[in-house]
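Chemist: sequence and predicted structure, then a few things I'm wondering about:
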Amino acid sequence: MKYVNAQAILPEALVKELQSYIQGGYLYIPVEEEQRKRWGEVSGYRQELKERNRQIREAYKEGISMETLSEEYGLSVYAVRKIVYGQAR
């Protein structure tokens, strides 16, 4: 998160109004709900996990054991089981 001096971007009247509530502290202004990104959307990691999980399901359908998939992907057998049976998408 990048901090910005309020005086650099806000009108003086608004800065004075904000100072009546908080001075010399940090104020977090959240993103509007409709502009929020879900976890992993900005970095692309969500898509990477989706593709990895698809590959795991395909490999399992082709007969590769959960234990082998666990070792290959560095996951627990329990995590592989969740992916294969659709609880982790």
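Modeler: Nice, thanks for sending it over.
Chemist: please name the nearest non-neighbouring residue to the residue nearest to the spatial centre of the chain.
Modeler: By C-alpha atoms, centre = their mean, the chain has its centre lying nearest to residue 39, at 1.9 Å. For residue 39, ignoring the flanking residues on the chain, the nearest one in space by C-beta to C-beta, 6 or more residues apart in numbering is residue 46 at 6.7 Å. Placement of C-beta: from N, CA and C, glycine included.
Chemist: how about the contacts made by the one you found?
Modeler: By C-beta atoms under 8 Å, 6 or more residues apart in numbering, residue 46 lies in contact with 38, 39, 40.
Chemist: can I get the residues you listed in a markdown table including distance to residue 86?
Modeler: As requested, the contacts of residue 46 are exported to a markdown table (distance: C-beta to C-beta, whole Å):
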| residue | distance to residue 86 |
| --- | --- |
| 38 | 19 |
| 39 | 20 |
| 40 | 19 |
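Chemist: quick one: the residue of the chain most remote from its centre from residue 41, how far?
Modeler: Residue farthest from the centre of the chain, counting by C-alpha atoms, centre = their mean, is residue 13 at 36.4 Å. Residue 13 sits 36 Å away from residue 41, going by C-beta to C-beta, to the nearest Å.
Chemist: can you map out the helices along this structure?
Modeler: 6-9, 12-19, 45-61, 66-73, 77-84 (DSSP state H).
Chemist: can you pull out the low-pLDDT segments for this protein?
Modeler: Scanning the chain for pLDDT under 70 picks out the ranges 88-89.
Chemist: try 80
Modeler: Low-confidence segments of the chain, defined by pLDDT under 80: 1, 33-42, 87-89.
Chemist: pull out the buried positions in stretch 80-89.
Modeler: 80, 81, 83, 84 (16 or more other C-beta atoms under 10 Å).
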